[in-house]
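Q: Give me coordinates for this.
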Amino acid sequence: MAKNTEIERKFLVTSDAFKAQSKTSHAIEQGYLCRDAERTIRVRICDERAFLTIKSSTLREGIAKFEWEKEIALADAKELMAICLPGTVSKTRYIIPAPPYEGCARKWEVDVFHDRLDGRVLAEIELGAEDEPFERPDWLGEEVTGQQQYYNANM
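A: Reported below is the predicted structural model:
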């Protein structure tokens, strides 16, 4: 896989059974400085850590995306959140281990959205290749990979 590449599959979630399998969870607030069809610039505060992330679909084919992420000071992230576009996202992310593939550990990240997106629950798994096999948990529903309305930047 090329440097700065993210290959992610996204799914709806059919029940809250994932919570019993979760090893940890994180409170996430995120906003967007730029969001268009080809690129996003995101500010994320995850618990007490903060990140600036740039994603783009223009440098990769298929479901792979360019992703560049750097940790930034929490105070800087709070300042940037104040100038983000309307429509910030608040969610709790649950981390669930997935069976490893060829010795590589994988995990499910299940996002339970709050506030204006209350009731929406999405799961994603990051893979090493677009055709990498993975086991589907019982609580996993319809795949929505590539459906723009399920991208956090579009919610």
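Q: CA only for contacts and neighbour counts going forward, please
A: Will do.
Q: ok, the residue nearest the centre of the chain - contacts?
A: Nearest to the mean C-alpha position of the chain, counting by CA atoms, centre = their mean, stands E124 at 6.8 Å. Counting by CA atoms under 8 Å, 6 or more residues apart in numbering, E124 makes contact with E8, R9, K10, F11, W108, E109, V110.
Q: Leaving out chain neighbours, which residue sits closest to it?
A: K10 (4.3 Å; CA to CA, 6 or more residues apart in numbering).
Q: Can you check which helix is longest in this structure?
A: helix 74-81 (DSSP state H).
Q: just to revisit the earlier point, does the residue nearest to the centre of the chain count as helix, strand or coil?
A: Here E124 is strand, with the state taken from DSSP: H, G, I helix; E, B strand; the rest coil.
Q: for the helix or strand containing I7, packing partners?
A: Applying DSSP states H and E as the criterion places I7 in strand 5-13. Packing partners of strand 5-13 (3 or more CA pairs under 8 Å, 6 or more residues apart in numbering; DSSP states H and E): strand 64-72, strand 121-127, strand 140-143.
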